[in-house]
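*Asks:* Predicted structure and sequence below. I'll ask about it afterward.
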Amino acid sequence: MTDENNAISFPHFEIGISAKPTDLLARFFKHSKESRAATRDAKKILNVFPTDYSTLEFPCSDEIFDWIREICRSPHRRPGTSEDRDAELWIAERFSQLGLENVTMDPINVKVWTASKWKLNVEGREIPSFFLVNAGFTGPHGIRAPMVYVGRGGPRDFKKVDASGKIVVADVAFPFLPLGFLAGFLKLLHETYHVSNPDGSLGTFKRQYLNFVRPNFIGGSTIEDSREDDVYWNAYKAGAKGICLILKNQPSNSNSHYGPYDGIMKPMPGLWIGKYDGMVLREKAKRNVEATLVLDGTITDGLMHNVWGVLPGRTSETIIVTSHHDAPFKGAVEDGSGVAQVLAQAKIWTRVPREQRERTIVFVIDGGHFYGSLGAYQFTQDHADITRNTKLLLTLEHLGAKEVRERDRAYAETGNLAYTCIFTSPDPMVIATVRNALAMKPPRATISIGSNLLGNVPISDAAGYALGTPGIPVISWIGCPYYLLDEHDTLDKVDKDVMKSICETVSEFIKPYMVNFPVK
């Protein structure tokens, strides 16, 4: 599903918010209005909601955490690498051991971009940096040029400077979600959207930067179809030799940002710079100080796989339960935690006799989330017979993550769980299911919002499935800690003690679909 230049050939999801919280609120009001009819029907469904499967057997938290530990044995699981291949084989073996049928590994061709050396030197001093994934290489000696600062790098910014032959320095600022305000507001509209806040950790003034959303560098585009505010392509069009992007409001001095992970190979070399190091670099760039930028590595052909298996039910109507196995770093939260929760559901439902499983469950651990969600999309193309007959797509990502905030320029745990979001389709059965699950097994710090509130499809691994099968009903449960895309995503960031309770909530999403209950 890639062309000769390795540009992804399927439609990418579009982010619908900018850095302005007012844009988010405007979209919220619009989607709240659109979902009212579905909500009225959901209330009718709740009056006759099924309550079977009260005696499911759940794996303990220790067992679920052990699965996370096993998949995180390597330093990363980047698409197409041998490290990710080991994870794929391990998952396939677990699926078979748990009793799934037709365990399959569907191959997908990718380009494996590997950085071997990166460095930024300014006035004899090395500025800490991290590679911009899929960017162009400089060779081992790098490039030397004056720097120029362009702010956020929009068209007006580039009109003020001459970037030709220079190293561009720009800011990338993340939008923030006013979590506390939104949670309070949602309570007024709880019949449409839902809040689960049993420990009160979603306070009124709580907010969260969406550091997987880069409004001026969304990704998913080439020079031909880039947005006018795309700082990377604006710099390239202006003749820049390289680019350094400052993580302006990342809550630490971390620079190991793995994005945008769209699978598109780009021509110009680039580096990420941490917030505080960026303050120093910004001032030097304003004075056009010379810098040497090095980014060297290789691009080779590689292979990744969607790993999946089937648990047959009484009918061919399907539930898909999924997460992704690839990860830019250790990936305990992103997405060892999601893989483990999928395995937990496989273990639970294989213990239920087939005659008590109304629908077939297809368990998928897809590849290429960090390749533009290619694996999820490819599954819909390879198995359209399954996805067209799917009554629920349930994606699980980053669950049980510990919340961190900045202290002394580093991450510090708060003692709370990172907030989670449930992208919920405007479908009566889906809305009723989410509302019931949050009432039966309320998770901490969780809000349910419209599946297309932040974009044209959920901003999660559900995106590839939703683009490949428009209209597929979605429950996409995803956590959003600040360390998702950096090297601090390690085993200590997972709260082992909540693994079983999360598993119980996930089961509540599945139960209504596993009884003889009408689902459109």
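*Replies:* Now that the structure is in, tell me what you want to look at.
*Asks:* Quick check: closest non-adjacent residue to residue 169.
*Replies:* Spatial nearest neighbour of residue 169, excluding adjacent residues (Cβ to Cβ, 6 or more residues apart in numbering): residue 285 at 3.7 Å. For the C-beta atoms, the positions are set from N, CA and C on the backbone; glycine is no exception.
*Asks:* Can you get me a residue count around the one you found?
*Replies:* Neighbourhood size, residue 285 [other Cβ atoms under 10 Å]: 24.
*Asks:* quick check, it in a helix?
*Replies:* Yes: per DSSP: H, G, I helix; E, B strand; the rest coil, residue 285 lies within a helix segment.
*Asks:* residue contacts, it?
*Replies:* 147, 148, 149, 167, 169, 244 (Cβ atoms under 8 Å, 6 or more residues apart in numbering).
*Asks:* And residue 270, by the same measure?
*Replies:* Neighbouring residues of residue 270 by Cβ under 8 Å, 6+ apart: 131, 132, 135, 136, 232, 242, 243, 244, 245, 295.
*Asks:* Which residue comes closest to it once chain neighbours are left out?
*Replies:* Nearest one to residue 270, counting by Cβ to Cβ, 6+ apart, is residue 132 at 3.4 Å.
*Asks:* list the contacts for that neighbour?
*Replies:* Residue 132 sits next to 243, 245, 266, 269, 270, 271, 272, 295 when contact means Cβ under 8 Å, 6+ apart.
*Asks:* Could I get the contacting residues of the third one?
*Replies:* For residue 266, the contacting residues are 132, 134, 135, 136, 232, 236, taking Cβ under 8 Å, 6+ apart as the criterion.
*Asks:* nearest residue to the last one other than its sequence neighbours?
*Replies:* The reference is to residue 236. In space, residue 236 comes closest to residue 268 once its chain neighbours are excluded; the distance is 4.9 Å by Cβ to Cβ, 6+ apart.
*Asks:* What's the local residue count around that neighbour?
*Replies:* A count of nearby residues for residue 268, using other Cβ under 10 Å, gives 18.
*Asks:* For it, give its distance to residue 237.
*Replies:* 10 Å (Cβ to Cβ, to the nearest Å).
*Asks:* just residue 257 next, same as before
*Replies:* Using Cβ to Cβ, we find residue 257 at a distance of 23 Å from residue 237.
*Asks:* quick one: which of these two has more around it?
*Replies:* Counted by other Cβ under 10 Å, residue 257 and residue 237 do not tie: residue 257 has more neighbours, with 25 against 14.
*Asks:* per-residue pLDDT, the more buried one?
*Replies:* Listed pLDDT for residue 257 reads 97.
*Asks:* Please tell me I have it right and it contacts residue 488.
*Replies:* No: counting by Cβ atoms under 8 Å, residue 257 sits too far from residue 488 to count as a contact (11.2 Å).
*Asks:* would you list every one of the strands in the stretch 201-350 of the chain?
*Replies:* Under the criterion DSSP state E, counting those that start in this stretch, the stretch 201-350 of the chain contains strands at 208-209, 242-247, 270-273, 290-311, 318-324.
*Asks:* Please tabulate the ones you listed in CSV, including the columns mean pLDDT and distance to residue 470.
*Replies:* Shown next, in CSV, are the strands of the stretch 201-350 of the chain (pLDDT from 0 to 100; distance: least, Cβ to Cβ, whole Å):
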stretch, mean pLDDT, distance to residue 470
strand 208-209, 84, 29
strand 242-247, 98, 33
strand 270-273, 98, 34
strand 290-311, 97, 20
strand 318-324, 98, 15
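*Asks:* Of all these, which one is nearest residue 155?
*Replies:* Between residue 155 and those, the tightest spacing by Cβ to Cβ is seen for strand 242-247, at 15.9 Å.
*Asks:* between the closest one and strand 290-311, how big is the angle?
*Replies:* Per axes from the mean of the first three to the mean of the last three Cα atoms, to 10 degrees, the angle that strand 242-247 makes with strand 290-311 is 70 degrees.
*Asks:* Quick check: neighbours of strand 242-247 in the sheet, parallel or antiparallel?
*Replies:* strand 167-172 (parallel), strand 270-273 (parallel) (DSSP bridges).
*Asks:* and the next helix or strand after the first one, what does it pack onto?
*Replies:* I take that to be strand 167-172. Proceeding N to C from strand 167-172, the next assigned helix or strand is strand 176-177, under DSSP states H and E. Using 3 or more Cβ pairs under 8 Å, 6 or more residues apart in numbering; DSSP states H and E, the elements in contact with strand 176-177 are helix 21-34, strand 208-209.
*Asks:* What mean pLDDT does strand 176-177 get?
*Replies:* Rounded mean pLDDT across strand 176-177 is 78.
*Asks:* Determine how far that strand lies from the middle of the whole chain.
*Replies:* 16 Å (Cα atoms, centre = their mean, to the nearest Å).
*Asks:* Tell me the strands beside it, with direction?
*Replies:* By DSSP bridges, strand 176-177 pairs with strand 208-209 (antiparallel).
*Asks:* burial count for residue 408?
*Replies:* Residue 408: 8 neighbours (other Cβ under 10 Å).
*Asks:* I meant to write residue 99 there.
*Replies:* Residues lying near residue 99 (other Cβ under 10 Å) number 14.
*Asks:* Which residue, other than its chain neighbours, is closest to it?
*Replies:* residue 350 (4.2 Å).
*Asks:* Domains in the protein, by residue range?
*Replies:* For the chain, the structural domains run 21-112+301-514, 114-175+213-297, going by automatic domain parsing.
*Asks:* Ok, which of those domains comes nearest residue 199?
*Replies:* Closest approach to residue 199 among the domains of the chain (Cβ to Cβ): domain 21-112+301-514, 5.3 Å.
*Asks:* Would you pull up how far the closest one lies from the middle of the chain?
*Replies:* Distance, centroid of domain 21-112+301-514 to centroid of chain: 10 Å (Cα atoms, centre = their mean).
*Asks:* follow-up on the earlier one: hmm, which two among the contacts of residue 132 are most spread apart?
*Replies:* Largest separation among those by Cβ to Cβ: 266 and 272, giving 13.7 Å.
*Asks:* pull the longest helix from the chain.
*Replies:* Assignment by DSSP state H gives helix 82-98 as the longest helix of the chain.
*Asks:* Identify all contacting residues around it.
*Replies:* So helix 82-98 is contacted by 67, 70-71, 73-78, 103, 105, 303-305, 307-309, 325-326, 339, 343, 346-347, 350, 363, 365, 367 (Cβ under 8 Å, 6+ apart).
*Asks:* just checking, what packs against the following helix or strand past that helix?
*Replies:* Following helix 82-98 in sequence order, the next helix or strand is strand 101-122 (DSSP H and E). Here strand 101-122 touches helix 82-98, strand 130-131, strand 270-273, helix 275-286, strand 290-311, helix 374-382, going by 3+ Cβ pairs under 8 Å, 6+ apart.
*Asks:* contacts for the second one?
*Replies:* So that's strand 130-131. Contact with strand 130-131 is made by 115, 118, 255, 256, 257, 270, 271, 272, 295, 297, as judged by Cβ under 8 Å, 6+ apart.
*Asks:* if we go to 10 Å?
*Replies:* Residues from elsewhere that reach strand 130-131 (Cβ atoms under 10 Å, 6 or more residues apart in numbering): 113-120, 137, 245, 247, 254-258, 269-274, 294-297, 486-487.
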